[in-house]
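>>> Sequence below, structure please.
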Amino acid sequence: MSTSARDNAFLQEMGIGPLWTLRNAQPDEALPDALAAPAQEAASEAAPMPAAVPTAVPTAVPTAVTMPAPPAVVARAVPPAATPAASPATDSAWGEEPPGPPPTEEDIAAMDWAQLRNAIANCTRCGLCKGGRKPVYGNGAQQARWFVAAGASTASDEKERQPVSGEPGKLLANMLAAVELSRDSNVYVTNLIKCRPTSANGGDRAPSAEEALACRPYLDRELALSGAPLVLTLGQIAANALQGKPLQETLAGSRGQVHEVGGVKLVATLHPGELLRRGADKALAWADLCLARAHDGRPG
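Numbering: from 1, shown residues only. Purely as a prediction, here's the structure:
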């Protein structure tokens, strides 16, 4: 399809140059003289077009080459969105799976020693697990004759990483030796409250009923795993908690009798820490030890 001289004339009048023309195109013979001159001028202007085309094409190409600028903008926009999301996930706990719910009493009741220790290490059953405090695990003979239960972990327990530690621990060792027992061979010792309850100034405090209730399943499982036929509680917190009494109740109501917890005999006595402060009460503790010794199933 070619552009006629008449079309070129109209395009010229409208200020639009011809798109393309044939080099040998002749003006239409029927074109009036008035339009012939403009048509010839248009034809003469159109003739150099083949030479101008190579110039126009390179000019357009650089313009097209600069078009990748928008992708560059997109590339700059994408990394900021991806980088913050990837970095925290790698460098912080937020990238890990959230911790699961704390174990139920049924879960704890089916655990072995290793599973129980792991559950205590990762426990979130009460607020004592927060603040960077470390739980104090029970220790001693895993197959035991006596199961000795104290109340709450103390600062000394937390430091030495064992229940009933320091000077109270030494006195407990002497008490057990008096009835031919030891933590190393046939006694398992634990605290009811595994994490140390602290006051506002960082000192030791008595545990709450909720804290005792949260830790109770761990102690029950320790007792079952140890197979001990007798429990000796140290102090009022452990004695009351294991009997389901208010923690504030005095120890006098539990001493001097043989109780039962989960089918196991229980004898309550004073905590060695109390005996160090009130030496005269050691006679009471000796009577409690003799009572426990008479009901632990050993002959004689």
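>>> Report the residue spans of the protein with pLDDT below the cut-off.
Where the chain drops to pLDDT under 70, the residues are 1-99, 131-132, 300.
>>> The same query, at a cut-off of 90, please.
1-102, 122-134, 198-204, 262, 299-300 (pLDDT under 90).
>>> Show the contacting residues for the residue lying closest to Ala141 once chain neighbours are set aside.
Residue nearest to Ala141 in three dimensions, not counting chain neighbours: Asn186, with 5.1 Å by Cβ to Cβ, 6 or more residues apart in numbering. No exception for glycine: its C-beta is placed from N, CA and C like everyone else's. The neighbourhood of Asn186, defined by Cβ atoms under 8 Å, 6 or more residues apart in numbering, consists of Ala141, Ala144, Arg145, Trp146.
>>> and if we set it to 7 Å?
Contact criterion Cβ atoms under 7 Å, 6 or more residues apart in numbering gives Ala141, Ala144, Arg145 as the residues in contact with Asn186.
>>> Give me the phi and psi for it.
Main-chain torsions, Asn186, degrees, to the nearest 10: phi -150, psi 20.
>>> What distance do you get for Gly151 to Asn240?
9 Å (Cβ to Cβ, to the nearest Å).
>>> Neighbour count: these two, which is higher?
Neighbour totals were compared for Gly151 and Asn240, and Gly151 leads with 26 against 23 (other Cβ atoms under 10 Å).
>>> and the closest residue to that one other than its chain neighbours, helix, strand or coil?
In this structure, Gly151 finds its nearest non-sequential neighbour in Ile237, 3.0 Å apart by Cβ to Cβ, 6+ apart. Secondary structure for Ile237, judged by DSSP: H, G, I helix; E, B strand; the rest coil, is helix.
>>> Could I get the full set of helices for the stretch 201-300 of the chain?
Secondary structure of the stretch 201-300 of the chain, counting by DSSP state H, counting those that start in this stretch: helices at 209-226, 236-243, 272-277, 282-294.
>>> can you check the stretch 51-200 of the chain too?
Secondary structure of the stretch 51-200 of the chain, counting by DSSP H, counting those that start in this stretch: helices at 69-91, 105-109, 113-121, 155-160, 166-178.
>>> So the nearest residue to Lys282 once chain neighbours are set aside versus Thr269, what's the distance?
For Lys282, ignoring the flanking residues on the chain, the nearest one in space by Cβ to Cβ, 6+ apart is Leu275 at 5.4 Å. Counting by Cβ to Cβ, the gap between Leu275 and Thr269 amounts to 9 Å.
>>> Return the residues in contact with His259.
By Cβ under 7 Å, 6+ apart, the residues touching His259 are Gln243, Leu266.
>>> who's it bridged to?
Beta-bridge pairing of His259 under DSSP bridges involves Leu266.
>>> and if you look at Ile193?
Applying DSSP bridges to Ile193 yields these beta-bridge partners: Ala152.
>>> separation between it and Val136?
According to Cβ to Cβ, Ile193 and Val136 sit 9 Å apart.
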